[in-house]
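Enquirer: Structural data only, the sequence is not supplied:
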């Protein structure tokens, strides 16, 4: 299989991955993402690659196995996010394990308050 080139092809693969988990809903239009209790744990970057939030041990394992690194976005290194190589993005079954690990990690994080629920006084 060829490595996906267009943003739309890559997002379609991301959507296919997200659809494998019964409790996950993909959000966002221009920047697709998944979140749980206000904690984003996967997103498709403006630079056209998938970022996954993983716990420390899984993060190190992922970086070594796929020869990739941490995500650099918005002028900072996002220390909990790994950059998913495009070659792995098309291997849905292989990537599924990591995506599920990312979801499981999100379930351990402290819920963040919703911005929509805040009222001005």
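Expert: Received, thanks. Bear in mind that the values here come from a model prediction, so they are computed numbers and not experimental data.
Enquirer: okay, now residue 21: neighbour count?
Expert: By other C-beta atoms under 10 Å, 14 other residues sit near residue 21. (Each C-beta comes from the backbone N, C-alpha and C, glycine too.)
Enquirer: Does it touch residue 98 like I think?
Expert: No. Applying C-beta atoms under 8 Å as the test, residue 21 and residue 98 come out as separate, 11.8 Å apart.
Enquirer: Not counting its neighbours along the chain, what's nearest the residue positioned nearest the centre of the chain?
Expert: Central residue of the chain (C-alpha atoms, centre = their mean): residue 42, 1.9 Å from the mean position. Excluding its sequence neighbours, the residue lying closest to residue 42 (C-beta to C-beta, 6 or more residues apart in numbering) is residue 34, at 4.7 Å.
Enquirer: How about residue 16?
Expert: Closest residue to residue 16 apart from its sequence neighbours, by C-beta to C-beta, 6+ apart: residue 92 at 5.6 Å.
Enquirer: who touches that neighbour in this structure?
Expert: Applying C-beta atoms under 8 Å, 6 or more residues apart in numbering, we find residue 92 in contact with 13, 16-17, 20.
Enquirer: same question, residue 84
Expert: For residue 84, the contacting residues are 49-52, 66, 68, 95, 98, by C-beta under 8 Å, 6+ apart.
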